[in-house]
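**Q** coords below, sequence missing:
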Ligand SMILES: [Zn+2]
């Protein structure tokens with residue numbers, strides 16, 4: 001196919017993604033009832049419900065605005081051939097090919113980071129602040145951004161260097177060796193995320209002695225889950241929103257409870273939330289997730305290997321010749337329908353896992369307490385209680401709160 005044709009497909013896909021995303025946001029926004037529906041009475045009240053509606057509307061409008069501006073800029077960048085010019089400029093630098101590639105990607109990555117900065121600032125310091133969630137200070141915000149930038153740059157460069165090397169070494173057959181490398185990398189990332197990366201942003205401390213610990217010990221002894229893997233995290237330094245999650249594998253496994261969660265919930269509710277997280281562990285969701293990611297990566301890399309050497313992909317973005325990083329960008333857009341489909345399947349699977357963990361918590365501790373904690377969580381975090389089913393289908397990794405409560409009440 002001609003470079004011009006590829007460029008048109010790329011721009012067409014950017015527009016297509018924008019339309020689909022915006023339609024979903026609008027459908028979801030239009031779906032909101034004016035008044036508290038009968039089935040939600042006892043779960044929310046008029047005041048919280050209308051506040052959550054407003055929060056949702058403000059976020060949706062902002063997301064639409066942000067994606068409109070981003071789409072226009074992305075199209076302009078692609079169409080003008082600007083990326084091709086930057087590529088030609090970096091390939092004139094007197095350095096090894098890999099260094100040129102990394103400089104190019106650093107410029108693009110840095111540029112997109114700067115572009116997204118005002119949006120993040122507005123989100124954090126205007127929207128989140130207005131609804132009383134934001135606890136982040138400006139210095140913390142800046143240090144968070146710098147840290148994430150450095151971590152991404154370091155880890156990204158290592159992965160990219162292996163990728164470049166595998167391509168030069170094995171040509172089209174690079175995909176299997178790089179697949180092996182990525183599988184190993186993802187394993188290390190899954191196992192050590194909570195020990196290496198998380199502590200750079202948050203403080204994790206083992207649960208302290210007291211009524212909660214006693215109640216948790218009783219539960220974890222019953223279900224045979226090691227207590228030393230339960231941590232409390234200072235989520236409150238960034239936001240008043242609360243959460244809990246399971247991370248890691250093997251001996252590095254951790255259940256993390258936000259301090260904000262502990263502050264707002266009763267002991268029974270907290271044990272129920274913990275029981276849900278133990279459920280994820282007992283049902284081996286992290287391990288299965290890892291296996292699924294390996295398969296997914298293999299498929300994507302195989303498809304990638306069929307196109308990665310095509311000169312036209314670089315020319316489409318304005319270069320005069322083959323330039324590997326440009327091909328990565330082109331293919332990133334060309335694969336977006338595939339990524340979207342994978343995302344939908346992964347979300348459906350994740351929603352199923354959430355039900356499984358809920359069921360586990362209900363069987364081993366008490367569905368009533370979990371339902372209560374979900375009700376509290378939804379109002380504390382101003383969760384949208386009435387999402388449109390299509391929106392849920394595409395974007396939700398967790399079932400809507402109301403569906404989870406319905407299931408818990410049935411069990
Ligand atoms: Zn869960």
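**A** Arrived safely. None of these values were measured; they are calculated from a predicted model.
**Q** Secondary structure class of the closest residue to residue 302 other than its chain neighbours, three-state.
**A** Taking CB to CB, 6 or more residues apart in numbering as the measure, residue 302 lies nearest to residue 175, with 5.3 Å between them; neighbours along the chain are not counted. All C-beta spots, glycine's among them, are computed from the backbone N, C-alpha and C. With DSSP: H, G, I helix; E, B strand; the rest coil as the basis, residue 175 sits in helix.
**Q** Quick one: the strands in the chain, in order.
**A** Remark: strands assigned in the chain by DSSP state E are 204-206, 230-233, 244-247, 254-258.
**Q** Enumerate the residues of the stretch 251-400 of the chain near the ion.
**A** Contact residues (CB under 5 Å from the ion) of the stretch 251-400 of the chain with the ion: 354, 357.
**Q** For the stretch 251-400 of the chain, which segments count as helices?
**A** With helices called from DSSP state H, counting those that start in this stretch, the stretch 251-400 of the chain shows them at 259-264, 267-282, 285-307, 311-316, 324-334, 336-364, 367-380, 389-395.
**Q** Present these as CSV; the columns should include mean pLDDT and mean neighbour count.
**A** Output for the helices of the stretch 251-400 of the chain, formatted as CSV (pLDDT from 0 to 100; neighbours: other CB atoms under 10 Å):
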stretch, mean pLDDT, mean neighbour count
helix 259-264, 95, 18
helix 267-282, 96, 23
helix 285-307, 94, 15
helix 311-316, 96, 22
helix 324-334, 97, 21
helix 336-364, 96, 16
helix 367-380, 95, 21
helix 389-395, 98, 15
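**Q** possible to save the ones you listed as JSON lines with distance to residue 65?
**A** Listed next are those as JSON lines, based on distance: least, CB to CB, whole Å:
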{"stretch": "helix 259-264", "distance to residue 65": "29"}
{"stretch": "helix 267-282", "distance to residue 65": "35"}
{"stretch": "helix 285-307", "distance to residue 65": "31"}
{"stretch": "helix 311-316", "distance to residue 65": "29"}
{"stretch": "helix 324-334", "distance to residue 65": "22"}
{"stretch": "helix 336-364", "distance to residue 65": "21"}
{"stretch": "helix 367-380", "distance to residue 65": "26"}
{"stretch": "helix 389-395", "distance to residue 65": "18"}
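**Q** Name the nearest residue to residue 286, ignoring sequence neighbours.
**A** Nearest-residue entry for residue 286: residue 249, 5.7 Å, with adjacent residues in sequence omitted and distances by CB to CB, 6+ apart.
**Q** Let me know how buried the one you found is, in neighbour terms.
**A** The number of residues packed near residue 249 is 17, by other CB atoms under 10 Å.
**Q** Likewise for the one 3 residues further on?
**A** Applying the criterion other CB under 10 Å, we find 15 residues in the vicinity of residue 252.
**Q** Does it touch residue 194 like I think?
**A** Yes: with contacts counted by CB atoms under 8 Å, residue 252 reaches residue 194, the gap being 6.8 Å.
**Q** All set, thanks.
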